[in-house]
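Engineer: Need coordinates for the following:
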Amino acid sequence: MSTALTVEPGESGRRLDAFIAGRGIGLTRSQAERLARDGLVLIGGRPAAPGRRLAAGETVLVSVPPVGSTELRPESIPLEILFEDEDVIVINKPRGLVVHPGAGRSSGTLVHALLAHTRALAAGSAPHRPGIVHRLDRDTSGLLLVAKTDVAYADLTRQVKSRGMERRYLALVWGDVREDRIVVDVPIGRHQRDRKRMAAVAQPAEGRSLRPAYTDVAVIERYGPMTLVEAKLGTGRTHQVRVHLAHIGHPVVGDPVYGLRQARRHKAALGRESLQLVEQLGGQALHAHSLRFAHPRTSQLVSFAAPMPPEMARLVAHFGSASGRGTRNAAGEEGGPSRSAV
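Structural biologist: Down below sits the predicted model:
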């Protein structure tokens, strides 16, 4: 559904997100901001940043993706719950499970499964995202945090924004990563030609909407054609780990979107057995394996860990034994070679 809004003289100079929220079309300011960052708010036929100041007479076209029925219905979908109390739920999400309804997906999500498990969920940032504190891509497995109360949701999202919540990923990437540690500090925004993709842009063009993004990458083991790394999030942008790893020339193995050229080159050099294991991944070899945050009720630090999914673990074991020279490095270990990507 698209809605065209004309800026009146008295609204000149207002921020775009505040303007949309004040027009009575059922969107909050945070929802308007998210739509703008997703490229779904146009001025003059071009995507506009949420903080853009408006001029009288401009027409703002707001597109809200359909999510099917506005009523979410519980669905009996198995969940691996690692921890639950009256405030939070920690889930080990499998690869292939979409977190919440969106364009083209109105059922079969983690949210539908949560509703079958409990009705005690925070309102969240939108009606179709109850309790969701942060997201994982459909084909990324691992730890995901859900808030059961609005108080817990407010505290946990504050921790995400202030970088108080620690989220670490394991990724099997293409190529031999030479440095023990790489700090990637490169903004991320929508790809200019493909709005479904993201892009890391070191030198942005004037007027392009980008958000700061920071990922700390540390080598765990080297196998020659692949390297096992740990990526610690400093920010939480869409596709951040995948985009940043592709940006430094080491895309995630099995990623269907980013770094395809490098992936084709490396796959061409693999033997039959290795190639079969890569094809059996069923998605990118990316797993959110570690989560640490302050409990919203007690303020005590709590930590959770989840092992790699079997298909990723098999690939790691295969290359570890085949190379016979896996080089271990403690994540974040001081003293090893490092570089900063900006």
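Engineer: which helices and strands does the helix or strand containing residue 316 pack with?
Structural biologist: Assigned by DSSP states H and E, residue 316 belongs to helix 310-323. Packing partners of helix 310-323 (3 or more Cβ pairs under 8 Å, 6 or more residues apart in numbering; DSSP states H and E): strand 166-174, strand 214-222, helix 272-279. Glycine gets a C-beta too; all of them are placed from N, C-alpha and C.
Engineer: Of these, flag the one that's most buried.
Structural biologist: With neighbours defined as mean count of other Cβ atoms under 10 Å, those peak in mean count at strand 166-174, which reaches a mean of 24.
Engineer: can you state the direction angle for the helix or strand that that one is followed by and strand 214-222?
Structural biologist: With elements assigned by DSSP H and E, the helix or strand that comes after strand 166-174 is strand 181-185. Per axes from the mean of the first three to the mean of the last three Cα atoms, to 10 degrees, the angle that strand 181-185 makes with strand 214-222 is 160 degrees.
Engineer: helices or strands next to the following helix or strand past strand 181-185 in the packing?
Structural biologist: The C-terminal neighbour of strand 181-185 among helices and strands, as given by DSSP H and E, is strand 188-190. Packed against strand 188-190 by the contact rule (3+ Cβ pairs under 8 Å, 6+ apart) you find strand 198-200, helix 240-247.
Engineer: buried ones in strand 188-190?
Structural biologist: Using 16 or more other Cβ atoms under 10 Å as the test for burial, strand 188-190 gives 188-190.
Engineer: Quick check: mean pLDDT of that strand?
Structural biologist: What strand 188-190 shows for mean pLDDT is 88.
Engineer: and if you look at stretch 57-74?
Structural biologist: In this model, stretch 57-74 has an average pLDDT of 76.
Engineer: Same check on stretch 78-96?
Structural biologist: Stretch 78-96 comes out with an average pLDDT of 97.
Engineer: Show me this structure divided up by domain.
Structural biologist: 2-63, 81-161, 166-341 (automatic domain parsing).
Engineer: okay, these in a markdown table with distance to residue 75 next?
Structural biologist: Formatted as a markdown table, the domains of the chain follow (distance: least, Cβ to Cβ, whole Å):
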| stretch | distance to residue 75 |
| --- | --- |
| domain 2-63 | 24 |
| domain 81-161 | 4 |
| domain 166-341 | 22 |
